[in-house]
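Trainee: curious how this folds, go ahead:
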Amino acid sequence: MSGDPERILNAGMEYYDKEEYEKARNLFELVLNTYRGRSEAENLYFRYANAHFHLREHILSAFYFENFANTFPNSQHREKAEFKAAYSNYMLSPSFRLDQKYTHDAIDGFQRFVNRFPNSPRVAECNELMDELRKKLERKAFYQADLYYKMGSYQSAVASFHHLLQDYPETNDAEKVRYLLVKSNFLFAENSILSKQEERYAATITAYDNFLKRHPNSQYHDELSKYIQISKNKLNSLTHE
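Mentor: As a prediction, this is how the structure comes out:
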């Protein structure tokens, strides 16, 4: 079989049909360049990408499925290839504590799929998976903001909590985020140089007013009201000075 591309290809196809994907992948690799531009290339390249997918080699399957979709835009396999490219990145999406590059890549891929194939039966699944991934990004954003808060980096915490509310306005953690935003503003003011305290205590009061408007029956009111009273007293003192 060595040196005979047709026999190698046929053997690879037989292994693939028997779901012996590692053997199929290894044989396909030997003839990819030989069949480039030929009629057999489309089916060969799709099966090569799919073999990687079945072997859970998702970095490679994402790459080869994307390459397939770009190389064979009119293929009957394009819809499946684009879905599996996105799904490969979904499988690579790590814990929310880690870098979320693959999460973003998966969301982008699913969104492109939905836009390109709006009538596909996979659209509902894509939307469910995107919701799941966005929840992970939201959790990552909260984790990062809360970490800044716990480390005493209050300026970064304030900015991060603001961004979280802007990016995820419907978050289930909105009350807790706004509570921590008030506390972060207060502690930022408390730890600021004198010349910056006035504007930062004022920002604390503004954050509290927004909190009160949105969460009038919150469990955090008693605690926050103490910080606001201190902020008002400090602001009054600074203004008179």
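
Trainee: so what's residue 130 up against?
Mentor: 107, 110, 111 (Cβ atoms under 8 Å, 6 or more residues apart in numbering). The C-beta positions use only the backbone N, C-alpha and C, and glycine is treated the same way.

Trainee: so is it in a helix, a strand, or just coil?
Mentor: helix (DSSP: H, G, I helix; E, B strand; the rest coil).

Trainee: show me what the helix or strand hosting residue 200 is packed up against.
Mentor: Taking DSSP states H and E as the definition, residue 200 sits inside helix 194-214. Packed against helix 194-214 by the contact rule (3 or more Cβ pairs under 8 Å, 6 or more residues apart in numbering; DSSP states H and E) you find helix 174-190, helix 221-240.

Trainee: give the contact list for the closest residue in space to residue 200 that isn't next to it in sequence.
Mentor: In this structure, residue 200 finds its nearest non-sequential neighbour in residue 189, 3.6 Å apart by Cβ to Cβ, 6 or more residues apart in numbering. For residue 189, the contacting residues are 196, 197, 200, 201, 203, 204, 231, 234, by Cβ under 8 Å, 6+ apart.

Trainee: pretty sure the fifth one sits against residue 186.
Mentor: Yep, that's residue 203 we're talking about. No. Judged on Cβ atoms under 8 Å, residue 203 makes no contact with residue 186 at a distance of 9.2 Å.

Trainee: of these two, who's got more company?
Mentor: Using other Cβ atoms under 10 Å, the more surrounded residue of residue 203 and residue 186 is residue 186, with 25 against 19.

Trainee: picking that back up, for residue 120, state which of the contacts of residue 189 is nearest.
Mentor: Distance to residue 120, by Cβ to Cβ, is smallest for residue 203 among the contacts of residue 189, at 47.7 Å.

Trainee: where's the closest one relative to residue 236, distance?
Mentor: Distance, residue 203 to residue 236, using Cβ to Cβ, to the nearest Å: 16 Å.

Trainee: now residue 110
Mentor: 53 Å.

Trainee: give me the buried positions along the lowest-mean-pLDDT helix or strand in the chain.
Mentor: Scoring the helices and strands of the chain by mean pLDDT, DSSP states H and E places helix 221-240 at the bottom, with a mean of 90. Residues of helix 221-240 classed as buried by neighbour count (16 or more other Cβ atoms under 10 Å): 224, 227, 228, 231, 234, 235.

Trainee: quick one: contacts for the fifth one?
Mentor: If you count contacts by Cβ under 8 Å, 6+ apart, residue 234 has them with 189, 197, 201.

Trainee: and the fourth one, by the same measure?
Mentor: For residue 231, the contacting residues are 186, 189, 201, 204, 205, 208, by Cβ under 8 Å, 6+ apart.

Trainee: can you rerun that using 7 Å?
Mentor: By Cβ atoms under 7 Å, 6 or more residues apart in numbering, the contact list for residue 231 reads 186, 189, 201, 204, 205.

Trainee: can you lay out these as CSV showing pLDDT?
Mentor: Below are those laid out as CSV (pLDDT from 0 to 100):
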residue, pLDDT
186, 97
189, 96
201, 95
204, 96
205, 96
